[in-house]
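*Asks:* what would the 3D arrangement of this be:
(one chain, ligands or ions: 1)
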Amino acid sequence: MYLWIKALHVLAIISWMAGMLYLPRLFVYHADAAPESDKSETFKIMERRLLFGIMTPAMVTAWLTGLFLATEAGFFRSPWFHAKLLFVSLMTISHFMLAKYRRDFSLDQNAHQSRFYRVINEVPTLLMIFIVILVIVKPFG
Ligand code: HEM
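*Replies:* Numbers count the residues shown, from 1 in each chain. Presented below is the predicted three-dimensional model:
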């Protein structure tokens, strides 16, 4: 059972991370499209479907399966897991910040230039590297 849930966990994080890396990239191009243009309206549809169709369900599944695994294996006492919880919480905050930017775009109220989205695109990448090292190497405890 544990391994089946872990397989589901890995599938969920792959889907979540695909969106966390791709959504800010869409914002980079969307920021350069004129508001109300055909291009901008197409980006709105892509962004909405990516966030609500893939990223949000994947994030919920990652949390539910991850907390189940941690409970089953007794990881709540392990320091590496505390560090992982910190980074996945930062990932979750990033998710909600991207959701806020998407909402601004959907209302034609984007307040940032494409360069800003290029920079924040790196945040989920860095968090993902830390999280994977923590869970695979378990460098402390
Ligand atoms: C959302 C909250 C999350 C929680 C509570 C959580 C918790 C856990 C737990 C307890 C395990 C089992 C570790 C083991 O059996 O040794 C696990 C496995 C794993 N997690 Fe997460 N996780 C979360 C999100 C993530 C994210 C965002 C990533 C990557 C970006 C990730 C990557 C992995 C990987 C690669 C494994 C498999 C490790 C192995 O092969 O044993 N997790 N997770």
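*Asks:* okay, CA-based contacts and neighbour counts for the rest of this
*Replies:* OK.
*Asks:* show the pLDDT at the closest residue to Y2 other than its chain neighbours.
*Replies:* Using C-alpha to C-alpha, 6 or more residues apart in numbering and skipping the chain neighbours, the partner closest in space to Y2 is L69 (6.8 Å). Listed pLDDT for L69 reads 98.
*Asks:* which residues touch L69?
*Replies:* By C-alpha atoms under 8 Å, 6 or more residues apart in numbering, the contact set of L69 is 2, 5-6.
*Asks:* SS state for P35?
*Replies:* Following DSSP: H, G, I helix; E, B strand; the rest coil, we place P35 in the coil state.
*Asks:* what helices or strands is the longest helix along the chain leaning on?
*Replies:* Assignment by DSSP state H gives helix 2-31 as the longest helix of the chain. Counting contacts by 3 or more C-alpha pairs under 8 Å, 6 or more residues apart in numbering; DSSP states H and E, helix 2-31 packs against helix 38-49, helix 56-73, helix 79-106, helix 114-120, helix 122-137.
*Asks:* just how off-centre is the third one within its chain?
*Replies:* Put plainly, it is helix 79-106. 6 Å (C-alpha atoms, centre = their mean, to the nearest Å).
*Asks:* shift numbering so it begins at 16
*Replies:* In the new count, where the first residue is 16, that last one comes out as helix 94-121.
*Asks:* that one - contacts with which helices or strands?
*Replies:* Counting by 3+ C-alpha pairs under 8 Å, 6+ apart, the packing neighbours recorded for helix 94-121 are helix 17-46, helix 53-64, helix 137-152.
*Asks:* that helix to helix 17-46, inter-axis angle?
*Replies:* On the basis of axes from the mean of the first three to the mean of the last three C-alpha atoms, to 10 degrees, helix 94-121 is oriented at 30 degrees to helix 17-46.
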